[in-house]
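[1] Next come a sequence and a model predicted from it.
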Amino acid sequence: MSLTQHEQHKSRGPRVIAVSSGKGGVGKTFLSVHLAARAAEKGLRPLLLDANLGLANVDVMLGVTPQATINDVIQGSAKMESIIASTRHGFDVVPGGCGLSELTVLDANHQRLVLDELETLADHYDLVLIDTAAGIGENVLYFTSSSQSVLLTLAAEPTSLTNTYALIKVLSRERHVRRFMVAINQADREEAEFAFHRLQSVCDHYLHVYLDYVGHIPSSPDIGRCIQGQRLLFERNENDPAIADLTSLVDTVLDRPVTLDGNGNLQFFWQHNLSAALPVGTQAGAGV
């Protein structure tokens, strides 16, 4: 009997993918949710962390009512494992807090606390997806640079392209992230490819990064209806071409190899950031 994908991944530890965007409203959370659902369909056990702290909306999109959120973990009144919410789509969610401004900028101790709590869950999952906030805030940079792979979502319009470039620039120059998967939303194939090549051209000229185009999602009225109805696009029976394009995109992302050097589990995810946060001279291998 062949091993399930869950058994194969468990022996290596979970993969960690951050899903980020330069600006809001470009479908980042929509893509995160469908990535998690598709991974579950493929036999993986995914965990989706809503890291849009203070303005979390994964639970809203899924129609889940959490009993507690990550704010309870940060306040010390709950453990991460106790706040996990299961979904009918086969994956689990760590709900983020909403309407709490203090969550939008975590200090170093609280950042480490979140990663430490995530580490305790490593044996239970094959894939950890981190749906970050939009923009270049400290939480975004922290969680994105912590992950083994980074998926950027953008729309094929000038402000989204500009803000995505700004995020890539900050992550590459300040956090040494060099590889990015790129997904274009709300565009047909030609528009998406044109937008990607514009972004790639600017990055090639000014930055030392590698962009990996993974696909596009065309505009579709079904997408809006699904969001309003708190359902997945995958659940619709209509022959909507957006479903095929979305499926191709998420499959491409899931099939991509890990792009950062490391041991491929949350222990690396945790230690990578702890080391980066320590003052020079106290990191592993350095003199005190």
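    Now that the structure is in, tell me what you want to look at.
[2] Where does pLDDT dip in the stretch 1-150 of the chain?
    Low-confidence regions of the stretch 1-150 of the chain, defined here as pLDDT under 70, cover residues 1-12, 99-102.
[3] The same query, at a cut-off of 90, please.
    In the predicted model of the stretch 1-150 of the chain, residues 1-13, 52-57, 70-71, 74-75, 96-116, 118-120, 122, 146 satisfy pLDDT under 90.
[4] Quick one: the helices in the stretch 1-150 of the chain, in order.
    5-10, 28-41, 58-62, 70-74, 80-83, 108-119, 138-146 (DSSP state H, counting those that start in this stretch).
[5] Mean neighbour count and distance to Phe234 added to those helices, as CSV?
    To be clear about C-beta, it is placed using only N, CA and C from the backbone, and glycine gets the same treatment. As requested, the helices of the stretch 1-150 of the chain are exported to CSV (neighbours: other Cβ atoms under 10 Å; distance: least, Cβ to Cβ, whole Å):
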stretch, mean neighbour count, distance to Phe234
helix 5-10, 16, 18
helix 28-41, 24, 6
helix 58-62, 21, 13
helix 70-74, 22, 26
helix 80-83, 16, 26
helix 108-119, 17, 26
helix 138-146, 22, 26
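[6] any idea where the helices of the stretch 151-288 of the chain begin and end?
    158-174, 189-206, 221-228, 241-255, 266-277.
[7] looking at those, which has the lowest confidence?
    Of all the helices of the stretch 151-288 of the chain, helix 266-277 carries the lowest average pLDDT, namely a mean of 50.
[8] hmm, back to that, of the helices of the stretch 151-288 of the chain, which is nearest Leu118?
    When those are ranked by distance to Leu118, counting by Cβ to Cβ, first place goes to helix 266-277 at 5.7 Å.
[9] closest to Leu171 out of the helices of the stretch 1-150 of the chain?
    The closest of these to Leu171 is helix 138-146. By Cβ to Cβ, the value is 6.2 Å.
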